[in-house]
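In: Make a model of this:
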Amino acid sequence: MSRIGKKPVVLPDKVKVSIEDDECIVEGPKGKLSQKIPYPIEVSLDDGKVLVERPSDNKRIRALHGLTRSLISNMVTGVTEGFTKTLRIAGLGYRAQYENGTLTLQLNYSHPIIYKVPEGIDVTIERAETVQNQPEIPVVLSGIDKQLLGQVAANIRDFQPPEPYKGKGIKYLGEHIIRKAGKAAGLL
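Out: I've put the predicted structure just below:
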């Protein structure tokens with residue numbers, strides 16, 4: 001039995017879960033999320049808990065069992081607490097601005113990068129800090145859908161991934177970039 005899949009998802013007081021056909025709908029104080037349930041997996045409600053069960057021990061069905069339970073758990077956490085991801089934009093002259101659902105980035109290109117942030121994701125740009133003689137701009141992304149939040153953060157990071165020599169670029173908070181030494185002094 002899947003160690004993750006067999007754990008019941010305990011529902012907080014303010015969360016309502018309904019299961020209609022092959023869809024699980026979770027409503028809470030922060031919003032409403034829904035997730036399609038894969039065919040052989042069965043989801044049921046039992047006394048303030050969501051139970052996920054599987055019909056057989058087929059390898060694919062075992063994988064779907066744990067996945068479905070994790071997705072439902074993430075939806076419950078999202079509608080009660082929400083999720084956040086912090087990106088750090090590091091580099092001289094790098095700038096970020098957020099207005100009316102559009103994130104505008106200046107990342108050492110000849111043109112600004114304009115990214116339309118999907119609905120349901122909130123962006124907060126905090127005051128720049130100086131780390132190792134380099135300005136860093138914290139960009140905080142928050143939302144209730146963990147999958148969408150992670151995808152948006154990955155899309156923004158892909159505009160300018162951190163480079164290994166000076167560490168310039170967009171990185172996640174707490175991400176460790178392995179630095180290279182650079183050019184050694186020429187020995188002739």
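In: Start and end of stretch 130-138, how far apart?
Out: 11 Å (C-alpha to C-alpha, to the nearest Å).
In: try stretch 126-144
Out: Rule used - C-alpha to C-alpha; the end-to-end distance of stretch 126-144 is 20 Å.
In: which outside residues touch it?
Out: For stretch 126-144, contacts defined as C-beta atoms under 8 Å, 6 or more residues apart in numbering pick out 30-31, 33, 78-79, 82-92, 94-96, 103, 120-125, 149, 152-153, 156, 166-168, 173. To be clear about C-beta, it is placed using only N, CA and C from the backbone, and glycine gets the same treatment.
In: If I look at the residue most central in space within the chain, what pLDDT would I see?
Out: Nearest residue to the geometric centre of the chain (C-alpha atoms, centre = their mean): Gly150, 2.3 Å. What the model reports as pLDDT for Gly150 is 94.
In: name the helices or strands packed onto the helix or strand hosting it?
Out: Using DSSP states H and E, Gly150 maps to helix 146-157. Helix 146-157 sits against helix 59-80, strand 83-90, strand 121-125, strand 134-143, strand 169-172, with contacts defined as 3 or more C-beta pairs under 8 Å, 6 or more residues apart in numbering; DSSP states H and E.
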